[in-house]
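Enquirer: sequence and predicted structure below; questions after.
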Amino acid sequence: MEPLLRVENIRKTYGKSNAAYTALENISFDIQKGEFVGIMGPSGAGKSTLLNLLATIDSPTEGKIYMNNTSIHDMKEDALADFRRENLGFIFQDYNLLDSLTVKENILLPLAIAKTPAKQINNLVTQIASVFGIGDLLGKYPYQLSGGQKQRTAAARALVTEPMMILADEPTGALDSKSATDLLVSLSNLNENNNSTILMVTHDAYAASFCRRIIFIKDGTLSTEIYRGDKTRKAFFQEILEVLATIGGEVDDVI
């Protein structure tokens, strides 16, 4: 099966000559449609740099990134902007909700930009709000929401367009444990029930234990990867902790 995402020999260098710094070196991996993959590693390992490359926010110095066999960084800027809007969904630690819009209006914003018919918009918003358990909050404004409710609204907005891939950057970083669990359960259910493809960068072993595969990065290179397989989430959590302890950094706060 052809992978949804193919990363080939990525290298990313900042600066020039003696001041050059290589953030990523010889990074290669594939992600199949329907996978839930976590990216972890010590501080400065290159996780955020990698996510920026996959999000098309930055470009690699060398190597190629393919999505559905399309080399995304060979596109012209207008085509790349269209590709990003139509195929990628983003969930960040900061909610980035518009305070002047209701929950429903925040969620439907990307659909309105894409000129989706009104009836279809209502159906899609209702469906995604149900998935994240915020159907009764659609008429409220962000200032009336808890942190967890804001993050689930932001996640619903990212997913309402049914993107080809969801990129999540520390999505539970600002949440309490219950709100974090609610979000992770929702993402896990989407992955299992809708075959949604999710790539999540996280420092939190608990959050990572909801993934099905973890790719570990150290010093800008791939260190190792582990699969959950038939393990319980608790057993996978312990395995993640063991790997983090091996590759360095504080186990309870590996960024």
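Expert: Perfect, thanks for sending it.
Enquirer: C-alpha from now on. contacts and neighbour counts both.
Expert: Will do.
Enquirer: so, low pLDDT: which residues of the protein?
Expert: Applying pLDDT under 70 to the chain flags the ranges 249-255.
Enquirer: quick one: residues contacting residue 160.
Expert: Applying CA atoms under 8 Å, 6 or more residues apart in numbering, we find residue 160 in contact with 107, 108, 110, 111, 124, 125, 128.
Enquirer: ok, longest helix in the protein?
Expert: Using DSSP state H, we find that the single longest helix of the chain is helix 177-194.
Enquirer: in that helix, what's buried?
Expert: Across helix 177-194, burial judged by 16 or more other CA atoms under 10 Å covers 179, 180, 181, 182, 183, 184, 186, 187, 188, 190, 191.
Enquirer: and the contacts of residue 160, which is closest to residue 60?
Expert: residue 110 (27.3 Å; CA to CA).
Enquirer: state the distance from that closest one to residue 27.
Expert: In this structure, residue 110 and residue 27 are 32 Å apart, going by CA to CA, to the nearest Å.
Enquirer: please save the CA atoms from stretch 216-233 in CSV.
Expert: The C-alpha atoms that make up stretch 216-233 are tabulated as CSV, following Å, rounded to 0.1, in the frame of the first residue of the first chain:
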residue,chain,number,x,y,z
PHE,A,216,11.6,9.1,18.8
ILE,A,217,14.0,11.8,17.6
LYS,A,218,17.3,12.6,19.3
ASP,A,219,19.9,15.2,18.2
GLY,A,220,18.1,15.7,14.9
THR,A,221,18.0,12.1,13.8
LEU,A,222,15.6,9.2,14.2
SER,A,223,16.5,7.3,17.4
THR,A,224,14.0,4.5,17.5
GLU,A,225,10.3,3.7,17.1
ILE,A,226,7.8,1.5,19.0
TYR,A,227,4.4,0.1,18.2
ARG,A,228,1.5,-0.4,20.6
GLY,A,229,0.2,-3.5,18.8
ASP,A,230,-1.9,-5.6,21.1
LYS,A,231,-0.5,-4.0,24.3
THR,A,232,-2.8,-2.3,26.7
ARG,A,233,-2.4,1.5,26.9
